[in-house]
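# Build me a model from this:
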Amino acid sequence: MELDMKKFSEPVVNGSRYEGKETPALRRIRHLKLVLLVVSAGLGYSSAGGMAIVWPNVFAVHTAKDNSTIFNTAIHLNSWQMDMIASMMFVGSMPGFLLAGWLVGTIGRRKSMLAAAVPTIIGTLIIAMSYNAYMLIFGRFLDGVAFGMTVVSVRTYMVEIAGLNFRGAASVIVNIMMQIGGVTMLSLGIILSWYHVAFLSCGTTLFYCCIIIPFLPESPAYLAVNNRETEALEVLLQLRGPYADIHEELTQLKQMNLLDGGKKEGFRGLLRVQHLKKLLVLFVLFLISNFSGVQVLKSNTVRILESSGLKFNQSVSAIIVTMALMVGNFTMMLLVDKIGRRYCLMFSFSLVAVAYYCLGSYNFIMDFNHVEQELNIENLSPMISNTTVTYDINASVSTGIDWSWVPLVCLLVAALGQSAGAGPIPYVVAPEYFPTNVRSQGMSLCTMMGGLQSFAALQLFSPLQDILTKGGLYWLYAATATIGVPYTIFFIQETSGKRVG
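The predicted structure follows:
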């Protein structure tokens with residue numbers, strides 16, 4: 001197709017040509033439109049990400065009181081199966097990541113987002129109609145496939161439609177949408193059963209793929225790399241406004257990809273030395289993020305609070321923690337393009353380390369007092385031990401002060417910390433590390449490795465508690481977060497304010 005360059009040669013607004021720079025009012029309008037576009041595209045994250053990740057909390061609360069299904073039959077799960085309910089989503093995400101890595105580069109970003117809705121709908125319907133653990137686990141696997149596809153397609157799309165100074169904030173808005181989905185799921189879980197909220201998640205996805213996706217523009221970077229320059233310029237004109245030099249942006253984008261090979265090489269393009277080094281750095285970053293308790297906090301909030309002896313409504317507590325995640329994401333959105341990804345990561349890991357050191361210490365002291373009280377009861381004289389008085393061996397230290405609020409505060413601090421960097425930034429920098437012609441493939445491999453690590457962290461939650469005790473497990477998370485600070489300083493490349501191709 002031959003380019004009609006005259007069409008894009010001068011600033012055009014509503015058919016009229018303007019001279020000079022963009023006014024503040026027009027800039028605000030353009031930014032508002034871009035935010036609405038990002039929010040619309042991120043709606044898929046609300047159901048495939050936020051709702052799906054926190055759903056095990058709703059299930060845990062309801063089945064502790066009433067384990068009936070939609071068919072009025074009882075459903076029973078042991079601790080291993082409860083771990084699997086949370087972790088199976090990340091098992092499913094691995095084939096989802098790989099599939100999306102191929103689809104996003106082949107059929108485009110927008111169609112890939114539409115394709116990701118299919119396993120979401122099927123998986124949530126199976127979960128809603130489950131009557132045994134195996135159906136739940138299979139439904140969660142399909143949820144994971146959808147999550148993997150959504151992460152790669154939406155994250156890649158966000159990087160490519162956002163402007164140079166809005167790229168980080170756009171990626172964080174996606175995380176905020178995920179937390180909104182999580183809060184919605186937990187809030188409705190107070191009044192609705194676990195299977196009703198699964199139906200709700202399915203309805204949200206149907207709305208997204210039928211009403212939202214058809215009206216989203218395709219990524220200009222994808223169009224340009226596939227030699228569809230006219231369409232790319234039209235989309236850039238919509239996104240950047242009539243006063244931006246869209247020719248220069250298109251030229252730089254094509255030049256960066258020509259330097260990297262000039263053609264779509266798929267996964268083979270990642271075998272270049274410079275890309276292999278980036279993959280290794282990102283793999284370790286995802287490892288540190290996952291084993292600092294990021295996904296465990298989201299999926300097992302209720303179980304952590306319950307095992308720590310919180311004397312407060314656990315559903316409400318889970319909502320408060322998820323709200324803290326949203327506050328952290330909002331804080332990061334304001335800072336990530338100003339102070340950069342690296343400073344956000346260092347601040348985040350530091351906060352997470354402090355929170356988990358405190359939570360581990362609290363659980364260690366409570367467990368120590370628990371054992372001490374048991375020994376004291378066993379050493380009572382036969383006359384006293386035969387009395388009808390009941391001894392509460394789970395009671396707090398006999399100081400007259402109730403310390404059961406400490407776990408909730410620690411999780412709030414951990415949630416604020418991880419959502420301000422450790423959780424979202426690996427997903428922010430992964431697509432920024434690679435040019436357009438291998439971006440989806442690089443993103444898919446990084447997130448697939450992250451999904452595998454998330455599965456391991458979630459599936460090992462109960463076994464590690466048994467081996468290390470609760471305090472020891474949380475100290476492990478704190479130590480991992482501590483390692484994240486020097487790792488960020490020495491190995492993470494700053495991408496804020498830089499063109500990524």
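# CA only for contacts and neighbour counts going forward, please
OK.
# Would you mind identifying the next helix or strand past the least confident helix or strand in the chain by mean pLDDT?
Ranked by mean pLDDT, DSSP states H and E, the weakest helix or strand in the chain is strand 16-17, scoring a mean of 40. Once the chain leaves strand 16-17, the next helix or strand it forms, by DSSP states H and E, is helix 24-45.
# For that next one, the averaged confidence score.
Summarised as a single mean, pLDDT over helix 24-45 is 86.
# which stretches of the stretch 251-400 of the chain form helices?
273-290, 294-299, 301-307, 314-335, 341-378, 382-385 (DSSP state H, counting those that start in this stretch).
# pLDDT on the fifth one, on average?
Regarding helix 341-378, the rounded mean pLDDT is 82.
# Give me the helices and strands touching that helix, please.
helix 406-417, helix 425-432, helix 461-491 (3 or more C-alpha pairs under 8 Å, 6 or more residues apart in numbering; DSSP states H and E).
# how about those helices, which one is nearest residue 330?
helix 406-417 (9.9 Å; C-alpha to C-alpha).
# Any buried residues in the closest one, and which?
406, 407, 408, 410, 411, 412, 413, 414, 415, 416, 417 (16 or more other C-alpha atoms under 10 Å).
# List of residues touching it?
Contact partners of helix 406-417, identified using C-alpha atoms under 8 Å, 6 or more residues apart in numbering, comprise 297, 305, 308, 310, 317, 320-322, 324-329, 347-353, 355-356, 358-359, 362.
# any idea of the angle it forms with helix 341-378?
Between the axes of helix 406-417 and helix 341-378, defined by axes from the mean of the first three to the mean of the last three C-alpha atoms, to 10 degrees, the angle is 170 degrees.
# CSV for the helices of the stretch 251-400 of the chain, including mean neighbour count and distance to residue 55?
Listed next are the helices of the stretch 251-400 of the chain as CSV, based on neighbours: other C-alpha atoms under 10 Å; distance: least, C-alpha to C-alpha, whole Å:
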stretch, mean neighbour count, distance to residue 55
helix 273-290, 19, 19
helix 294-299, 24, 7
helix 301-307, 19, 11
helix 314-335, 22, 11
helix 341-378, 20, 23
helix 382-385, 10, 44
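# Out of the ones you listed, which gets nearest to residue 87?
helix 294-299 (8.6 Å).
# That closest one - contacts with which helices or strands?
Using 3+ C-alpha pairs under 8 Å, 6+ apart: helix 294-299 touches helix 52-65, helix 436-459.
# CA atoms only for stretch 432-448, dumped as CSV, please.
Only the C-alpha atoms of stretch 432-448 are listed here, as CSV (Å, rounded to 0.1, in the frame of the first residue of the first chain):
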residue,chain,number,x,y,z
GLU,A,432,10.0,-2.9,27.6
TYR,A,433,13.2,-4.9,27.5
PHE,A,434,12.4,-6.2,23.9
PRO,A,435,11.7,-4.5,20.6
THR,A,436,8.4,-5.1,18.8
ASN,A,437,9.4,-8.0,16.6
VAL,A,438,10.3,-10.2,19.6
ARG,A,439,8.3,-8.4,22.3
SER,A,440,5.4,-10.9,22.6
GLN,A,441,7.8,-13.9,22.6
GLY,A,442,10.1,-12.4,25.2
MET,A,443,7.2,-11.4,27.3
SER,A,444,5.6,-14.8,27.1
LEU,A,445,8.8,-16.6,28.2
CYS,A,446,9.4,-14.2,31.1
THR,A,447,5.8,-14.5,32.3
MET,A,448,5.8,-18.3,31.8
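# circling back to that earlier point, what's the farthest-apart pair in the buried residues of helix 406-417?
That would be 406 and 417, which, of these, are the farthest apart (C-alpha to C-alpha) at 16.5 Å.
# In CSV: the helices and strands packed on helix 341-378, plus mean pLDDT.
As requested, the helices and strands packed on helix 341-378 are exported to CSV (pLDDT from 0 to 100):
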stretch, mean pLDDT
helix 406-417, 88
helix 425-432, 88
helix 461-491, 92
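# will you turn those into a markdown table that also has distance to residue 138?
Converted to a markdown table, the helices and strands packed on helix 341-378 look like this (distance: least, C-alpha to C-alpha, whole Å):
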| stretch | distance to residue 138 |
| --- | --- |
| helix 406-417 | 29 |
| helix 425-432 | 26 |
| helix 461-491 | 20 |
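# Residue 129 is nearest to which of those helices?
Across the helices and strands packed on helix 341-378, closest to residue 129 is helix 461-491 (C-alpha to C-alpha), at 27.0 Å.
# between the buried residues of helix 406-417, which is nearest residue 38?
For these, the nearest to residue 38 is residue 416 (22.7 Å; C-alpha to C-alpha).
# what sits against the closest residue to the closest one other than its chain neighbours?
Distances taken as C-alpha to C-alpha, 6 or more residues apart in numbering put residue 328 closest to residue 416, at 4.5 Å, once the chain neighbours are dropped. The contact partners of residue 328, by C-alpha under 8 Å, 6+ apart, come to 415, 416, 417, 418, 419, 420.
# sorry, back to before: go through the helices and strands packed on helix 341-378 and name the closest to residue 70.
Per C-alpha to C-alpha, nearest to residue 70 of those: helix 461-491, 28.2 Å.
# now the closest one against helix 341-378, angle please.
Using the same axes, to 10 degrees: helix 461-491 against helix 341-378 is 150 degrees.
# Buried residues in helix 461-491, which are they?
Neighbour count says helix 461-491 has 461-462, 464, 469-482, 484-485, 487-488 buried, by 16+ other C-alpha under 10 Å.
# Stretch 195-204 now?
Quick answer for stretch 195-204 (16+ other C-alpha under 10 Å): 195, 196, 197, 198, 199, 200, 201, 202, 204.
# just those residues now: which is nearest residue 122?
Nearest to residue 122 among the buried residues of stretch 195-204, with distances taken as C-alpha to C-alpha, is residue 202, at 8.2 Å.
# so who does the closest residue to that closest one other than its chain neighbours touch?
Spatially, and ignoring its direct neighbours in sequence, residue 202 is nearest to residue 121 (5.2 Å; C-alpha to C-alpha, 6+ apart). Counting by C-alpha under 8 Å, 6+ apart, residue 121 touches 202, 205, 206.
# following the helix or strand encompassing residue 121, which helix or strand shows up next?
Assessed by DSSP H and E, residue 121 sits inside helix 109-128. Sequence-wise, the next helix or strand downstream of helix 109-128 (DSSP H and E) is helix 133-161.
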